[in-house]
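Student: Show me the folded form of this:
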Amino acid sequence: MGGQPKALLELGGRRIIERVLDAIAPVVDDVLIVTNTPELYAFLALPMVADLYHDHGSLGGIFSGLTAATGNAAFTVACDMPFLHPEVARLVVARAGEGDVVIPRVGAQLETMHAAYGKACLAPIEARLREGRFRITGFFEHVRVVEIDEALVARHRAPDVVFMNVNTPEELARARALSAELG
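Tutor: Prediction:
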């Protein structure tokens, strides 16, 4: 994205991270941002934590946020998902106590960046991080995983829209067009 943080790109008159926060804030008790550049997000006036394992990808971010979380579980989302829906987040959060990972499945894809992770995940995640193995689903065999069917997600918004992320200029253009459509 030309060196610009994806979370700060504007879409429909707001930054993507502001859209993310609008979707999840009504659903969770506390919001915590995992970032190694807190100065960029100071305007949000939210608590922040740095990665405990630098350059360990999304799995490292999940570990850092879950470690810092005050509750028994943390609902995690990526900062580049502009069309998150509060009711879809609520589907995950409401079931957080049923497993160590509560995660939507869309077709063959597990939505690892829109899931609840319990504190029981910390040890298996850290083992993977120390081994240099960063695939998020790699530790799932060591914990209880509860999947949420895509049909439940689709009741609120099309799964390909809810879980869309913005990684390229083309995806940003598509997201801007979709934002105008959705209103």
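Student: Roughly how far does residue 120 sit from residue 158?
Tutor: According to CB to CB, to the nearest Å, residue 120 and residue 158 sit 32 Å apart. Just so you know, the C-beta spots here come from the backbone N, C-alpha and C atoms, and that holds for glycine as well.
Student: just so I have it, where are all the helices in this structure?
Tutor: Using DSSP state H, the helices found in the chain span residues 16-24, 57-68, 86-94, 122-131, 150-154, 159-162, 169-182.
Student: nearest to residue 113, of these?
Tutor: Of all the helices of the chain, it is helix 57-68 that lies closest to residue 113, at 6.3 Å by CB to CB.
Student: Pick out the residue nearest the middle of the chain.
Tutor: residue 77 (1.2 Å; CA atoms, centre = their mean).
Student: Surely that one touches residue 24?
Tutor: Yes. Here residue 77 reaches residue 24: they are 6.1 Å apart, a contact under CB atoms under 8 Å.
Student: Need the overlap of contacts for these two.
Tutor: Residues touching both residue 77 and residue 24 (CB atoms under 8 Å, 6 or more residues apart in numbering) are 84, 89.
Student: What does residue 111 show for phi and psi?
Tutor: Dihedral angles of residue 111 (phi, psi; degrees, to the nearest 10) stand at phi -90, psi 80.
Student: How about it: what's its closest non-neighbour residue?
Tutor: Excluding its sequence neighbours, the residue lying closest to residue 111 (CB to CB, 6 or more residues apart in numbering) is residue 104, at 4.4 Å.
Student: From what I see, the one you found and residue 147 are in contact.
Tutor: Yes. Using CB under 8 Å, residue 104 is in contact with residue 147, at 7.3 Å.
Student: The two: which is more packed in?
Tutor: residue 104 (22 against 15; other CB atoms under 10 Å).
Student: and the more buried one, what does it touch?
Tutor: Contacts of residue 104 by CB under 8 Å, 6+ apart are 88, 91-92, 110-111, 114-115, 147-150, 152-153, 159, 163.
Student: Residues in a beta bridge with it, which ones?
Tutor: residue 148 (DSSP bridges).
Student: Look up how far residue 15 lies from the nearest residue to the residue nearest to the centre of the chain once chain neighbours are set aside.
Tutor: Leaving aside its sequence neighbours, residue 77 sits nearest to residue 114 (CB to CB, 6+ apart; 5.5 Å). Here residue 114 is placed at a distance of 19 Å from residue 15 (CB to CB).
Student: so what sits against both of residue 104 and residue 147?
Tutor: In contact with both residue 104 and residue 147: residue 110, using CB under 8 Å, 6+ apart.
Student: any low-confidence regions in the chain?
Tutor: Within the chain, the stretches with pLDDT under 70 are 1.
Student: Now do the contacts for residue 38.
Tutor: 48, 50.
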